[in-house]
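output the structure for:
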Amino acid sequence: KGTKVAQTGEPVLGKNLGTVTGLEEGVDYYFWAYVESTEGDILYSNMLAVMPPVYVKAGEDLQAALNGAKEYQEVRVEGGAVFTKTIEFTNACKNKSLSGGWNADFTEQSMDNLTVLDLSKAGYGITCTGASGAMEPLNGYAEISYFEIKNCKGDHGSAIRACGGPVTVHHCYVHDNESEKGAIGTNEGGAQTTLTVYNCIVANNVGSGHGPAFGFGEGKSDTEPVMATLVSNLIIDNVSTKKDGYASTFICYNQTNLVLVNNTIVGNKNWAEYGGPYSGLVLRGDVASCFVNNVMIGNYTSPCSDEMTEPAYERQEQFINMGGGAGTLAYNIIEGNIKESDNITLDSNINVNLGVDVATIVNSSYQPQGKALGAGTLGSIKYNSKKAEMGGPFTVNVGELLEKYNTDLAGNPRVVGGKVDLGCYQAQ
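Here you go, the predicted model:
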């Protein structure tokens, strides 16, 4: 329509720049937003498309619908429908949204009515890569929401595999998948990947290798790392079964920038029968990380196996082990040892050793002994990397992040009365 609204000075988050009226039913519209310097250079740009969605019901071909959708179009999928084939976002199918959980007339969406993707251990769930079956970067965005993804099997990201992007996953239930490195994961090398996961449940996944829940592979370079952000997720009862590897809930490799805000991480373990060297969270190599407002308790670390022969493992049994990376932990509840390292910064954490049953934690909405209520921060937290080539210091503005992802896992307001609780649930 030729409408242009200018804003001078520094950009203001959330400022309404104006209203466009007169849109017609059934017509596709594209809105282009950009930040321009005084010299006329475009510093940032983003596209918003407003167009009718594509609708997919049970029994229809979901991949064909995704392929046939226009760029920037949403594909809405009926809740309760079950699909049994891998879904692929590729460069021929980029910049699209795949949203499940819709009722029969596609007017309401609910976590109680998720669309199901069940691979019966026959392959990957959803892949977001440049080409089918290849680890080429996706040169555009992919958004996945309101899906139950289960019984998938693969190496890097068996349920959801990301390369390139940005890839956003929210309001999904990812469970009972088997992987070498993460039910949700990124490629290992070759691309700068951006992955955001919020308001998801990641449960009962099995890691046959390094990490059952999340696996973040190497970035393209020090200056083009994997960027992974996790907000308000419940990560529970994931099990690693590897005997002689990095048995952990998370595994991060070189060139990764990891941010965890308001997650609840409970009941994750490696089996005593296997006795791998780690349980919990391992940051291996050139990793920058920041953990804020998380609840991390009840994660079981079994003793190391006597058969462990690799000297580098040093029979380490910590919940968090930087493994050469760097991390800042602020305003968390933590149970379990942290490997002492010059690369770890601890600030305002509620360090506890509760030893309570996981079921008790669940039933009390993750507010152990009341210490989590209102104990979070909405401020800015600085963190760094060990390797100078990765840059830094970096900053996480928690208030802005929770303004963007503004509900807890139950769908309630994330911030109440100017305060935020720890973990994935917010007391109302």
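
let me see the contact set for the residue nearest the centre of the chain.
By Cα atoms, centre = their mean, the chain has its centre lying nearest to V197, at 2.6 Å. By Cβ atoms under 8 Å, 6 or more residues apart in numbering, the residues touching V197 are 168-170, 184, 228-231, 233. The C-beta positions use only the backbone N, C-alpha and C, and glycine is treated the same way.

just the residues you listed now: which is nearest N113?
N113 lies nearest to H170 out of the contacts of V197, by Cβ to Cβ, at 15.7 Å.

tell me the contacts of that closest one?
H170 neighbours (Cβ under 8 Å, 6+ apart): 143-145, 196-200, 405.

which one of the residues you listed sits in the busiest neighbourhood?
Highest neighbour count within those: C200, with 28 neighbours (other Cβ atoms under 10 Å).

that one and N233 touch, don't they?
Yes. The criterion here is Cβ atoms under 8 Å, and C200 meets it with N233 at 4.8 Å.

count the residues that sit near T194.
Neighbour count for T194, taken as other Cβ under 10 Å: 18.

tell me how far it lies from V167.
Computed as Cβ to Cβ, to the nearest Å, the T194 to V167 distance reads 7 Å.

would you confirm that G327 contacts N384?
No. Contact criterion Cβ under 8 Å: G327 and N384 do not qualify, at 9.1 Å.

out of the two, which sits in the more crowded spot?
Neighbour comparison, G327 and N384: the larger count goes to G327, with 27 against 19 (by other Cβ under 10 Å).

now the helix or strand harbouring that one: buried residues?
Secondary structure from DSSP states H and E places G327 in strand 326-330. Within strand 326-330, the residues that count as buried by 16 or more other Cβ atoms under 10 Å are 326-330.

and the following helix or strand past it, average pLDDT?
Using DSSP H and E, the next helix or strand after strand 326-330 towards the C-terminus is strand 333-334. Average pLDDT, strand 333-334: 82.

follow the chain on from strand 333-334 and name the next helix or strand.
Next along the chain from strand 333-334, counting by DSSP H and E, comes strand 344-347.

strands of the stretch 251-400 of the chain, start to end?
256-261, 264-266, 269-270, 281-283, 287-292, 295-297, 320-321, 326-330, 333-334, 344-347, 350-351, 380-383, 394-397 (DSSP state E, counting those that start in this stretch).

what sits against C200?
169-174, 233-234.

measure it to Q63 for me?
23 Å.

now G376
In this view, G376 and Q63 are 41 Å apart by Cβ to Cβ.

go on, G133?
14 Å.

what does V420 give?
Taken as Cβ to Cβ, the span from V420 to Q63 is 40 Å.

next one: P166
21 Å.

who's more crowded, those two?
A direct count of neighbours by other Cβ under 10 Å for P166 and Q63 places P166 higher, at 17 against 14.

so what's that one up against?
P166 neighbours (Cβ under 8 Å, 6+ apart): 141-142, 194-196.

so which of these belong to strands?
142, 194-196 (DSSP state E).

export those to JSON lines and tack on pLDDT?
Below are the ones in strands among the contacts of P166 laid out as JSON lines (pLDDT from 0 to 100):
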{"residue": "A142", "pLDDT": "95"}
{"residue": "T194", "pLDDT": "91"}
{"residue": "L195", "pLDDT": "93"}
{"residue": "T196", "pLDDT": "96"}
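
A142: how many residues sit nearby?
Neighbour tally, A142, other Cβ under 10 Å: 27.

hey, what's the nearest residue to T328 once chain neighbours are set aside bridged with?
Setting aside the residues directly before and after it, T328 is nearest to Y383 in space (Cβ to Cβ, 6 or more residues apart in numbering), at 3.8 Å. Listed beta-bridge partners, Y383: F394 (assigned using DSSP bridges).

any weak-confidence spans in the stretch 151-300 of the chain?
188-190, 209-211, 242-253, 270-285, 300 (pLDDT under 70).

what do you get if the cut-off is 50, keeping everything else the same?
The model of the stretch 151-300 of the chain has pLDDT under 50 over residues 245, 272-277.

need the distance between the two termini of stretch 162-177.
16 Å (Cα to Cα, to the nearest Å).

again with stretch 375-388
End-to-end distance of stretch 375-388 (Cα to Cα): 33 Å.

then stretch 143-157?
End residues of stretch 143-157 are separated by 16 Å (Cα to Cα).

please apply the same query to stretch 217-235.
Start-to-end, stretch 217-235 (Cα to Cα) is 19 Å.

now that stretch, how far from the centre of its chain.
Here stretch 217-235 is found 8 Å from its chain centre; the criterion is Cα atoms, centre = their mean, to the nearest Å.

contact partners for N349?
Contacts for N349 (Cβ under 8 Å, 6+ apart) come out as 329-334.

just the helices in the stretch 101-250 of the chain please.
Here the stretch 101-250 of the chain has no helices by DSSP state H, counting those that start in this stretch.
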